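J.: Here's my sequence, what's the structure:
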Amino acid sequence: MHLAVSLNIAAADGQDVLDFGQISAFVRDLEAAGVDMAIISDSAEAPSSSPFEATTLLAALAAVTDSIGLVASASTLAHQPYNLARRFASLDIISHGRIGWNATMTQNPREAANFSRPEGFSDDDFRRRAREFINIVGLLWIGWEHDALLFDKASGRFHDPDKMRPMNFTGEFFSVRGPLNVARSPQDRPVLAMAGLAEAEFDLASLRADVVLLDKRQPPEARAACEEIKRRAHEAGRDPMTIRMLAGADARQERDGGSLKALCLSSGCDGIVLTVQPRADALKDFVERLLPDLEQHGFAKAKPGRTLRDRLGLGEDGRS
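T.: As a prediction, the model looks like this:
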């Protein structure tokens, strides 16, 4: 059973902000326990303060860890596809293939107002735009074959043009020429996680997601969502076993690993994603109380290999 831990580092008003030492020590504790991936986000609906931008933090965490997967949440509202694809591809090289992008599928009004969209998007426009965005990022990540970039100073050859996949994309919302000026990912492409899914986004998840983070905390709801996404994947010609489904739970409400194991088994999911509050006492309680119990109940038994895809039992291009 896979185990992911989600930490939103944005602190609400009146709360102490976690510093890098606290965050990095927590992630190293997760790594030592065999947790598959740490998911970092840095936004909140209410007024809040955050010590770091999530993707920047991943670069620092990659330097002080060796094996744990590092995933950052980033919305399609706050970025352009090319810049975001390049950032995650670079992080994947820095971390030797341990990076993932959690594409959040909900609009944050405060975020929209900071990026020239004070009114946001209609639900339908947001959904179509997000689909286009995610598809572009996926194409950019595979724009070069693995040995396409030569960096041959003697001959003056930067790349082999026969191993470049032109993009020249023009869609409803974006126009992107491509390719990236970053080499192919050590794990073929960064892992794509999707969270905050409404049923209208199940089709996109069934086609593109490597990991689906379900916010369903009751086994029947989680099982229904899991089965529906895998059914749609099969109908679209994708092997459903190439999607890892993780049921969500709040670490504050869980007293032992047994209940989480029961949730995982009864929901038909591949593991659990646990949300931990960004407070020093919450991090300490999780590491000292719940994490050892989760290990005893069979969570975080990682597969061998260096990349996040290895840990999740996924091959290149999502093959299991």
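
J.: For the residue nearest to residue 168 when sequence neighbours are not counted, grab phi and psi.
T.: In space, and not counting its chain neighbours, residue 168 is closest to residue 177: 5.8 Å by C-beta to C-beta, 6 or more residues apart in numbering. For every residue, glycine as well, the C-beta is placed using N, CA and C. Main-chain torsions, residue 177, degrees, to the nearest 10: phi -80, psi -50.

J.: what is the mean pLDDT for stretch 20-34?
T.: Mean per-residue pLDDT for stretch 20-34: 96.

J.: Sorry, slip of the keys, the one I care about is stretch 269-286.
T.: 94.

J.: Ends of that stretch, what's the gap?
T.: Chord length of stretch 269-286, first to last residue, is 22 Å (C-alpha to C-alpha, to the nearest Å).

J.: ok, back up a step: and the pLDDT at the residue nearest to residue 168?
T.: 92.

J.: before we move on, what about residue 188?
T.: With respect to pLDDT, residue 188 has a value of 89.

J.: Would you point out the helix or strand in this structure whose mean pLDDT is lowest?
T.: strand 149-152 (a mean of 61; mean pLDDT, DSSP states H and E).

J.: What's opposite the most centrally placed residue in the chain in the beta bridge?
T.: Using C-alpha atoms, centre = their mean, the residue of the chain that lies closest to the mean C-alpha position is residue 102, 3.0 Å off. Beta bridges link residue 102 to residue 73, residue 193 when assigned by DSSP bridges.

J.: tell me the contacts of it?
T.: For residue 102, the contact set (C-beta atoms under 8 Å, 6 or more residues apart in numbering) comprises 39, 41, 71, 72, 73, 74, 193, 194, 195, 213.

J.: I'd like to know which of those are buried.
T.: 39, 41, 71, 72, 73, 74, 193, 194, 195, 213 (16 or more other C-beta atoms under 10 Å).

J.: Any figure for the gap between the third one and residue 7?
T.: Just to be clear, that refers to residue 71. For residue 71, the distance to residue 7 (C-beta to C-beta, to the nearest Å) stands at 10 Å.

J.: Of the buried ones among the contacts of residue 102, which is the nearest to residue 277?
T.: For those, the minimum distance to residue 277 (C-beta to C-beta) is 12.7 Å, reached by residue 41.

J.: My guess is that closest one contacts residue 78. True?
T.: No - the pair residue 41 / residue 78 is not scored as a contact, 11.8 Å apart, by C-beta atoms under 8 Å.

J.: Now for those two: what residues contact both?
T.: In contact with both residue 41 and residue 78: no residue, using C-beta under 8 Å, 6+ apart.

J.: For the contacts of residue 102, could you give me CSV that also reports distance to residue 126 and pLDDT?
T.: Below are the contacts of residue 102 laid out as CSV (distance: C-beta to C-beta, whole Å; pLDDT from 0 to 100):
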residue, distance to residue 126, pLDDT
39, 22, 98
41, 18, 91
71, 22, 98
72, 20, 97
73, 16, 94
74, 15, 92
193, 19, 98
194, 14, 96
195, 15, 92
213, 19, 96
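
J.: Using TSV, lay out those together with distance to residue 232.
T.: Output for the contacts of residue 102, formatted as TSV (distance: C-beta to C-beta, whole Å):
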residue	distance to residue 232
39	24
41	26
71	23
72	26
73	24
74	25
193	17
194	13
195	17
213	17
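
J.: Give the residue spans of the stretch 151-300 of the chain that score low on pLDDT.
T.: 151-153, 156-163 (pLDDT under 70).

J.: so what's residue 312 up against?
T.: The contact partners of residue 312, by C-beta under 8 Å, 6+ apart, come to 2, 36, 37, 69, 191, 210, 211, 244, 303.

J.: Can you identify each of the helices in the stretch 151-300 of the chain by residue range?
T.: 202-208, 219-235, 257-267, 280-285, 291-296 (DSSP state H, counting those that start in this stretch).
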